[in-house]
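> Fold the following for me, if possible:
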Amino acid sequence: MKNPSLFLIFFVCSGWLSAQNVINVNARLIDSLHTIEIDQEITFVNTEERELVSLYLNDWNNAFSSKTSPLAKRFAEDFARRFHFAKDRERGYTSINSVEKKLGNSLEWDRPGNVVDLLRIKLDEPLAPGDSITLNLSYNIKVPDDKFTRYGRDDEGNYKLRYWYMVPAPLDNGWKLYSHKDLGLQYVKPHKINISIDIPTEFYAASGLNLLKTQTRQGYKTITFSGDERVDTKMYLTKSFIFESIKANSNQVITNIEDEDIAFEVKNSLLERTFDFLHQRLGKYPHRNIFVTQEDYLNSPIYGLNQLPGFIRPFPDGFQYDIKLFKTITRNYLDNTIFINPRSEKWVTDAIMVSLMMDYVDEYYPKMKLIGNLSDIIGIRWFHAADLEFNDQYQFLYMNVARMNIDQPLTTSQDSLVKFNKNIANAYKAGVGIKYLEEFLGDESVKKSISEFYTEYKLKPVNEKDFVRLLQKNAEKDISWFYEEYVGTNKKIDFKITNVDKLHDSLKVTIKNLRDNDMPISLYGLNDGKVVYKQWVEKVRDTKSVKIPNNDIERLALNYEQEIPEFNQRNNYEGVTKLFDKPLQFRLFQDVEDPRYNQIFFMPEFEYNLYDGVSIGPKLYNKTVLSKTFNFSISPKYGFTSKTFVGSASFYNAHQFENKDLNLIYYGIGGSRFSYGYNLFYEKFTPFLVFSFRNSYLRSNERQRLSIRNINVKRDQNPEDPLLFPDYNVLNVNYSYSNPNFLKHLTASLDYQLSDKFSKVSVTAEYRKLFTNNRQINLRFFGGTFLYNDVRSNDYFSFALDRPTDYLFDYNYYGRSQGSGLFSQQIIVAEGGFKSQLQPEYANEWITTVNASTNIWNWIYAYGDVGIVKNKGDNGKFLYDSGIRLSLVQDYFEVFFPVYSNLGWEITEPDYDQRIRFIVALDISTLIRLFTRRWY
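All right, here's what the predicted structure looks like:
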């Protein structure tokens, strides 16, 4: 052979090209049945160095077929009710007709481990390394409703198809088998795709693939698309043409993102600017079309912008559309060309995308405020939140979870992230980390590395180590800490200045690292609030002293320009010539933390109970939007009915522990004074210590809590009904376990109380289960006994069958002393948990009860309670009641209608309206938990 090297190059290139799988799809939409008939040919290449005896295909459409699929379980974990309660016709499924080799031989297939969205095809003979096999599949898919993932069939009869045909699972040192969990991009190897689909003539088809031809026949038309090196093939079949096709330089953008009625010329100009920016910073997009949909944006929106009502437009014309489009295009740009494992290494594309967004805003919208023009409005502009720039949101939202101690390493698999981290915080931490790295290096090396990474690995297999290698190669400093500690762990960054020594013409500054890491910190010298000196300090594992020139420095500060996502920036200041490290600042209403000041907030606060009426007064507190370790709140109020001052105060401090089952210890003191009757007041003073345990797998809702507190109560004497024990002290030790979930809910507690008058112990357990047929059962058990009781002559400390006396003043009764009327009908399901008022009402020796309910239809339940009440000197009495429960919002807004009990048919009694009981939660913090539980 004359040129063996040329032959070798040709052979290698041919082998690489042939390694690409080829998928041919012939499909037909049956609109009346919401199904698609598919005949599919897959040419699969074995790229492993071992024989294969079976092949795996992702059949993600079938994930919608079952309430027990991984997708359904994911929805349940996020308290998303819509899938479980959906009608069968709204779900999707795959019905397989045949699986054959190209020559027509049928092959066996199954769904291994009953994983419904995975197909295993058993080969009749092993597939050798480098060999290929062609499979022919015939199957039908039922397209699911789009309300589950935003993809599927919508209310207008359009089909938004994603993950609708089968693709081979990736071979990457073994099969990588991932179920559909609505996490974003499917992990597949790039393949060549050809699609020919028959649709009714009234439909239009849109896709990011190359349109080859359209043929119209009687009653339907055939549209043919193709694409090379593809990993995601979205296709929309719509009854009206809802997409615009806009040319941007050499690319064609096909989009339906809501445009705020912006003129076509402006949109074209913004798109050209976007592509110019991305071409310059990354490189040329290799495909002709880029398909950018409203659903893409809504699944990864600009948080904050997506919460604004449509009539509020606080930003300059075109900004919201521009930034929405830029984010969605950049995400598609990266996802369609950087073939990284999106389950375990998504932080790489997140880091690039968010850093590009920040640079784009800095370049074209410098000094853009986070809340736009609202920051100029009198009243709003007084808040520090109005000072935040648009790019400050990324560090702020990441710090939200860091302060809550639920941040997770960027290398955590996407399906193990809590929802807030998966949707927001981890991507923002990744992007902020890139900017941190840029500031530390002080040059263009990071931008160069990102461009080099895209150019070198575009449309090629790549992993996170390739990205990190390029960052380190182009950096002139050691940045090993970036991957090893910033990316690979959830270690916090927290430094403080511990000492400043004034020398002749310099300052010796001692910096302490409050965390165990090697991340660098910036040191600033300030004069009259202006920066006169800056230096980066590295390798501060414990403490480190540095000498800096004393250029008329009044204060020293760490991380003054907040380029570092530091856990606590309030301890970053040290006075040199000033008496105080930071000035004191008072602010009206809760605000975003400003670390330059010691902040105290005040705001008007309202409360209500029957005896004080509406209570109004100022609340002084230090809690900012982000949580902090030490908190205080002082809330004096004036009761307009009691015509006196009431209120509460609390002080507590918290210690967090990272990656430990014992994740939090907090301790403090609380006190309150309110009315417990007309012209009767109580004072409560409680020191407490709490140990909080959380499952190390943060997506688990499992919690444990040990609380130790001493409750001191003083009550006014009632001259008409003198109290035997107006003042008392109770030591309370409570252990609780909770694992609340949408499908299965379990809580339990063990409570011990000790005073000089009694000692008692009780156990409470509650279990709920929602079955696949939508039947729900609720079971609750309570058992309590006195170890000794010297106050049996009075039932104030006794166990209650239906309405506890609440002598510890823990429950939010609106009329706690009422024996009749509306306020007496408020029920808090505690102790016995009965809904009917039966006798004996209290137990001074022991009590045991079981409460049960099950749904009749939707939110209408039948309930029943049974129990035994035992009082000293009496036989235990068996009691029961039953009725109908309307659970409009479970545990928050419920109404109970008694029907039959020991009293007989209560529903026939003339005072029946007074027997109805209700639960109403008006406390704001309680209601907020109803909405935040799905995010944390």
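> Just the helices from the stretch 201-350 of the chain, written as ranges.
Applying DSSP state H, counting those that start in this stretch to the stretch 201-350 of the chain gives helices spanning 264-281, 294-299, 319-335, 347-364.
> Next, the angle helix 347-364 makes with the helix or strand following the last one.
In other words, helix 347-364. Counting by DSSP states H and E, the element after helix 347-364 in chain order, helix or strand, is helix 392-403. Per axes from the mean of the first three to the mean of the last three CA atoms, to 10 degrees, the angle that helix 392-403 makes with helix 347-364 is 140 degrees.
> what element comes up after helix 392-403 heading to the C-terminus?
helix 419-420.
> Now do that next one, average pLDDT.
Averaged across helix 419-420, pLDDT comes to 92.
> How far does that helix sit from its chain's centre?
Relative to the mean C-alpha coordinate of its chain, helix 419-420 is positioned 2 Å out (CA atoms, centre = their mean, to the nearest Å).
> what's the answer for stretch 402-413, then?
Taking CA atoms, centre = their mean, one finds stretch 402-413 lying 11 Å from the centre of the chain it belongs to.
> again, but for stretch 490-506
Distance, stretch centre to chain centre, for stretch 490-506: 35 Å (CA atoms, centre = their mean).
> Now tell me what touches that stretch from outside.
402, 407-409, 485, 507-517, 519, 521, 540, 543, 547-550, 556, 558-559, 564-568, 571-574, 576, 658-659 (CB atoms under 8 Å, 6 or more residues apart in numbering). Using the backbone N, CA and C atoms, a C-beta is placed for each residue, glycine as well.
> buried stuff in it?
The neighbour-count check on stretch 490-506 (16 or more other CB atoms under 10 Å) flags 490, 491, 492, 493, 494, 495, 496, 497, 500 as buried.
> Likewise for stretch 193-202?
Those would be 193, 194, 195, 196, 197, 198, 199, for stretch 193-202 by 16+ other CB under 10 Å.
> mind listing what the last one touches?
It refers to residue 199. Taking CB under 8 Å, 6+ apart as the criterion, residue 199 is in contact with 29, 205, 220, 221, 223, 237.
> which element is it on?
Going by DSSP H and E, residue 199 is in strand 191-200.
> mind listing what that strand pairs with, with the direction of each?
strand 21-30 (parallel), strand 220-230 (antiparallel) (DSSP bridges).
> Format those strands as TSV; extra columns: mean neighbour count and mean pLDDT.
Output for the strands paired with strand 191-200, formatted as TSV (neighbours: other CB atoms under 10 Å; pLDDT from 0 to 100):
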stretch	mean neighbour count	mean pLDDT
strand 21-30	19	97
strand 220-230	18	96
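> okay if I get the ones you listed as CSV plus distance to residue 53?
Formatted as CSV, those follow (distance: least, CB to CB, whole Å):
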stretch, distance to residue 53
strand 21-30, 18
strand 220-230, 28
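> Quick one, which of those gets closest to residue 897.
strand 21-30 (48.0 Å; CB to CB).
> Look up the pLDDT of the closest residue to residue 538 other than its chain neighbours for me, please.
Closest residue to residue 538 apart from its sequence neighbours, by CB to CB, 6 or more residues apart in numbering: residue 520 at 4.6 Å. The model reports residue 520 with a pLDDT of 96.
> Could you do residue 936 as well?
On the pLDDT scale, residue 936 gets 65.
> ditto for residue 515
According to the prediction, residue 515 has pLDDT 92.
> What of residue 541?
pLDDT, residue 541: 89.
> list the contacts for the closest residue to residue 272 other than its chain neighbours?
Sequence neighbours aside, residue 248 is the residue nearest to residue 272 in space, at 5.0 Å (criterion: CB to CB, 6+ apart). Residues near residue 248 by CB under 8 Å, 6+ apart: 268, 271, 272, 274, 275.
> need the contact list for the second one.
Contacts for residue 271 (CB under 8 Å, 6+ apart) come out as 246, 248, 253, 325, 329.
> The fourth one now?
When the contact criterion is CB under 8 Å, 6+ apart, the partners of residue 274 are 248, 322, 325, 326, 329, 360.
> So what's the predicted local confidence for residue 13?
40.
> Now do stretch 902-915, average pLDDT.
The predicted model assigns stretch 902-915 a mean pLDDT of 94.
> Same question for stretch 381-388.
Stretch 381-388 comes out at a mean pLDDT of 82.
> how far is that stretch from where the chain is centred?
Relative to the centre of its chain, stretch 381-388 is centred 26 Å away, using CA atoms, centre = their mean.
> That stretch spans what distance, first to last residue?
Counting by CA to CA, to the nearest Å, you get 11 Å between the two ends of stretch 381-388.
> Report the buried residues of it.
Residues of stretch 381-388 classed as buried by neighbour count (16+ other CB under 10 Å): 383, 384, 385, 386, 388.
> wait, residue 182 sits on residue 73?
No: assessed by CB atoms under 8 Å, residue 182 is found out of contact with residue 73, at 11.2 Å.
> Help me confirm that residue 427 is found in a helix?
Yes: checked against DSSP: H, G, I helix; E, B strand; the rest coil, residue 427 lies within a helix.
> All further residue positions should be reported with the first residue as 6.
Got it, first residue is 6 now, which makes that one residue 432.
> Flag the shaky bits of the stretch 506-655 of the chain, pLDDT-wise.
Across the stretch 506-655 of the chain, the ranges flagged by pLDDT under 70 are 584-585.
> Do you have the strands of it handy? List them.
Remark: strands assigned in the stretch 506-655 of the chain by DSSP state E, counting those that start in this stretch are 511-518, 526-532, 535-542, 548-554, 560-563, 578-580, 589-593, 603-614, 618-626, 635-644, 649-661.
> Now do the SS call for residue 81.
Put simply, residue 81 is helix when judged by three-state DSSP.
> Per-residue pLDDT of it, please?
pLDDT, residue 81: 93.
> That one: how many residues sit nearby?
19 (other CB atoms under 10 Å).
> low pLDDT regions in the protein?
Using pLDDT under 70, the chain drops low at 6-23, 309-318, 584-585, 927-939, 941.
> OK, contacts around residue 922?
830, 831, 832, 840, 900, 901, 903.
> Farthest-apart pair in those, please.
831 and 903, at 15.0 Å, using CB to CB across the contacts of residue 922.
> the more surrounded of these two?
Applying other CB under 10 Å to residue 831 and residue 903 shows that residue 903 carries more neighbours, namely 23 against 18.
> secondary structure class for the more buried one?
Going by three-state DSSP: residue 903 is strand.
> And it, how close does it get to residue 809?
Per CB to CB, to the nearest Å, residue 903 is found 19 Å from residue 809.
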